[in-house]
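>>> Build me a structure from this.
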Amino acid sequence: GSSRLAKGNKWDFFPSVALAWRINSEPFMQNVDVISNLKMRLSWGNTGNTAIDSYSTLGAFSKYPYVMGIGEESAMGYLPKELSNPSLGWERTEEYNVGFDFGFFRNRIEGTVDLYRRDTHDLLMKRLLPITTGYNETWQNIGKTRNTGVEVALNTVPFVNKNWEWTVGLTFAYNKNEIVELYDGLTQDRGNKWFVGEPLQVELLYKYDGVWQTEEAEEAKKYGQVPGDPKVWNNPANDQYDADGNLVKVIYNNDDKVFQGQTAAPVTWALRNDFTLWKDLTLSVNIYSRMGHKSLESMYLNNDDDGGGMTYRLVNKNAKEYWTVDNPTNKYARIEAQGPEGAKGARRLYNRSFIRLENISVGYTLPRAWTEKIQIDRVKVYGSVRNAAVWAKDWEGYGDPETGNFASRIWTLGLNLTSVSYTH
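Numbering: from 1, shown residues only. Next up is the predicted model:
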């Protein structure tokens, strides 16, 4: 049960069942020495989610300052912000899972593979409301989503002997997310960016299609543009024509917007290597990656003056490339460029995939024969660097590709002492 939900919906039932078959224990596997572990897992189950704040079903007000009285004194009032929902209930997820655990060569190679499908319905979502309702938003149980994917974990010991050891850990996950149903039979809700058949976090916007060049000046004029301005894809069927079929006006509206990818990475992976050399020297290197997600950015428009900030207030900005007649780039617009009427702030799509060298750690433990002389059992000197490097093919450096802002590089140097008492 959960007290966060509406009266009458606080309690629910979530059954589940799981089966496992240890295949390597069967008689027909007894002579297969290369396989040290092999297990198949099947499971089905339901889970519930109530990840909302307490009292969310009751609605909310927001503070609003206003002027009252003859003296026009300022006062603080409250306006309705969040519509209450007296029928808000559990979000339910039904999951099917097929998994395998395996080990080879006395578990020198071991890992797991899981295939899953998760159907979530009655999602707890904050839905934006039309302004005519008098409210901004409300919590609702909305629609159905489906997540299907695979998760793999692999651990190996490629090399080991008396003095050296090398271990490798690899994880990989792929997830496909899509909206299966919305509410009231709708197939899309543009205000909330929800579309049946598309991921929850999807971008539907005008499409940047390059930069108008000098030789395209006449064509650009049809769109109210000049060379150096961005090209924005247009659906000719939406434009205005005269009786003879001649173009009168280019029109940009919702029908000119296209799906441009999802903002959540469908692919993630991580790789860790650990080395032990001569028993006392350790080295660890960790890499991880997010792949397949997109981001929209307007920095290419070079709108950096911001009402005269650079011209009159001497505001400094990062150096950037920009279009000129002598530098006819197709990636960056002219200074203070803008899109056509109706799509002036059209943003450019970036592939936000990246690989990050997340951690490098080195440690050395002094031989015990040295340290026991001063009654210290072990002395370990270590150093590490976090966020050592990042590689992103399409990201332009407007902040970190993962955070979209700054990401710190952290250096650490340390000393561990372990002291013991010696008796004579």
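
>>> hey, what's Thr93 bridged with?
Thr47, Thr120 (DSSP bridges).

>>> can you tell me which residues contact it?
Thr93 makes contact with Asn46, Thr47, Gly48, Asn49, Arg118, Asp119, Thr120 under the criterion C-beta atoms under 8 Å, 6 or more residues apart in numbering. (Glycine included, C-beta is placed from N, CA and C.)

>>> For these, which entry has the maximal number of neighbours?
Thr120 (20 neighbours; other C-beta atoms under 10 Å).

>>> dump the residue contacts of it.
Thr120 neighbours (C-beta under 8 Å, 6+ apart): Glu91, Arg92, Thr93, Glu94, Lys144, Thr145, Arg146, Asn147.

>>> Summarise which helices and strands the helix or strand encompassing Asn273 is packed against.
Using DSSP states H and E, Asn273 falls within strand 267-277. Counting contacts by 3 or more C-beta pairs under 8 Å, 6 or more residues apart in numbering; DSSP states H and E, strand 267-277 is packed against strand 165-181, strand 281-291.

>>> contacting residues for Asp274?
Shown in contact with Asp274 (C-beta under 8 Å, 6+ apart): Glu165, Trp166, Thr167, Val168, Gly169, Thr282, Leu283, Ser284.

>>> ditto for Tyr78
Phe61, Ser62, Lys63, Tyr64.

>>> shouldn't the third one be in contact with Met76?
By that I understand Lys63. Yes: Lys63 is within contact range of Met76, at 5.9 Å (criterion: C-beta atoms under 8 Å).

>>> before we move on, the earlier item: so which of the contacts of Thr93 would you say is closest to Asn31?
Within the contacts of Thr93, distances to Asn31 taken as C-beta to C-beta reach their minimum at Arg118, with 39.3 Å.

>>> and stretch 155-165, how far apart are its ends?
Terminal residues of stretch 155-165 are spaced 13 Å apart (C-alpha to C-alpha, to the nearest Å).

>>> ok, and what's touching it?
108-111, 166-170, 274-279.

>>> Make a PyMOL selection of whichever of those residues turn out to be buried.
Here is the PyMOL command that picks out the buried ones among the contacts of stretch 155-165, judged by 16 or more other C-beta atoms under 10 Å:
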select buried, resi 109+110+111+167+274+276
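
>>> Next, give me the two most distant ones among the contacts of stretch 155-165.
The farthest-apart pair in the contacts of stretch 155-165, when distances are taken by C-beta to C-beta, is Gly111 and Trp278, at 28.8 Å.

>>> quick revisit: between the helices and strands packed on strand 267-277, which one is closest to Glu358.
For the helices and strands packed on strand 267-277, proximity to Glu358 was assessed by C-beta to C-beta; strand 281-291 is nearest, at 4.8 Å.

>>> Packing partners of the helix or strand just after that closest one?
Past strand 281-291, further along toward the C-terminus, the next helix or strand under DSSP H and E is strand 294-297. Helices and strands touching strand 294-297, by 3+ C-beta pairs under 8 Å, 6+ apart, are strand 202-205, strand 258-262, strand 348-351.

>>> For strand 294-297, which outside residues touch it?
In contact with strand 294-297 (C-beta under 8 Å, 6+ apart) are residues 203, 205, 260-263, 347-352, 396, 398, 404.

>>> What residues sit buried inside stretch 220-231?
Buried residues in stretch 220-231 (16+ other C-beta under 10 Å): Ala220, Tyr223, Gln225, Pro227, Gly228, Asp229, Pro230, Lys231.

>>> Skipping adjacent residues, who's closest to the last one in space?
When the adjacent residues along the chain are set aside, Lys231 lies closest to Asp209, with 4.2 Å between them (C-beta to C-beta, 6 or more residues apart in numbering).

>>> Format the contacts of Thr120 as TSV; extra columns: pLDDT.
Shown next, in TSV, are those (pLDDT from 0 to 100):
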residue	pLDDT
Glu91	86
Arg92	91
Thr93	93
Glu94	94
Lys144	92
Thr145	92
Arg146	95
Asn147	95
